[in-house]
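1. predicted structure and sequence below. I'll ask about it afterward.
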Amino acid sequence: MLTKVLLTVCVIAYFAFSLWIVRDVRLDTKTISICAIVIALTLILESIFIPLPTGAVIPLCSPVPLLVLAICIDPKLAIISGWIVGLLSMVMLPTWQPVHWAQIFVEHLVCFSCLGYAGLFPSKSKLGILPGILVAFFLKFMGHAASGVVFFSQNAWDGWGPWAYSMAYHLTSKVPLMILCAVVMMALPLKTIERLGKSKTMKQKGSAA
C-alpha cells in the first residue's frame, strides 16, 4: 500500500513539473511536422527489438529520435512527443502488455516523455550531453521498475521480491540501451542538426514577418 501511495505522489509530481515546463509551447506547422517525424521514428524503432533471456527486450535505439529532439531542438517538444508516443504505443507496439488502466500513467506516459529531460542540461560539447541522457534514462528506468513492482509482481522469479525482480529485470535492458543510445548520440552531428533546426525557425519567422 505504501509503495502505491509513494508511486502516486511521484507520478503526480512528475506530470505537474512536466506540464509546467511545456506551459508556453507554441505549436506551428514546422514543429508539428518535426514532432510527427520523431514520433513515427520512435514507434518504428521501438517495434524492432532484441529479446533477452530474462524476458526483457532491447529496442533498436528507439530513444534516439526523442533525445535528438530534446538536445538539438527543444526539450519541451520532446516531452509532448513522448506523451503522444506513449498513447500510440498502446495500440501499435507488440511489447505492450495491458494489465491495469493506471499502467499508462506510471509507465508509458512517463517512460517516453522523460527522454525530453535530456535537453534541460544545455551543453556546448558532446560529453556535456551525457548528464542529461543519464537523468533521462534514470527516470525511464524508475518508471519501468515501479510499473514492474505494481503491475507485474506476480511474474517475479522464485525467491525474488517485487523490487529486486523488477530492478534486475529492467537493468538487463535499460543499461545496455542507455550505453548504446549514448554512443549513437555521440556519433551524430548534433551541432549540424541544431544549426539546421534553428535556421529553419529563423526562415519561418522571417517569412511570417
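-> Great, that's in hand. Residues are numbered from 1 along each chain as shown.
2. for Thr42, list the residues it contacts.
-> Thr42 makes contact with Ser62, Pro63, Pro65, Leu66, Ser81, Val85, Phe112 under the criterion C-beta atoms under 8 Å, 6 or more residues apart in numbering. (Each C-beta comes from the backbone N, C-alpha and C, glycine too.)
3. can you classify Val149 by secondary structure?
-> helix (DSSP: H, G, I helix; E, B strand; the rest coil).
4. any idea of the pLDDT on Ile21?
-> Per-residue pLDDT puts Ile21 at 95.
5. apologies, that question was intended for Lys198.
-> pLDDT, Lys198: 63.
6. now do the one 5 residues further on
-> Note for Lys203: predicted pLDDT of 48.
7. ditto for Val5
-> Val5 is given a pLDDT of 85.
8. same question, Ala209
-> On the pLDDT scale, Ala209 gets 40.
9. about what we covered before: okay, and which of the contacts of Thr42 map to helices?
-> Among the contacts of Thr42, the residues falling in helices (DSSP state H) are Pro63, Pro65, Leu66, Ser81, Val85, Phe112.
10. list the contacts for the first one?
-> Contact analysis of Pro63 by C-beta under 8 Å, 6+ apart lists Thr42, Leu115, Ala136, Phe137, Lys140, Leu177, Cys181.
11. again with the second one
-> Applying C-beta under 8 Å, 6+ apart, one finds that Pro65 lies in contact with Ile37, Val38, Leu41, Thr42, Leu45.
12. list the buried residues in the strand or helix carrying the last one.
-> This points to Leu45. Taking DSSP states H and E as the definition, Leu45 sits inside helix 29-46. Residues of helix 29-46 classed as buried: Thr31, Ile34, Cys35, Val38, Ile39, Leu41, Thr42, Leu43, Leu45, Glu46 (neighbour count, 16 or more other C-beta atoms under 10 Å).
13. ok, those residues vs Trp157, which is closest?
-> If you rank the buried residues of helix 29-46 by distance to Trp157 using C-beta to C-beta, Glu46 comes first, at 25.5 Å.
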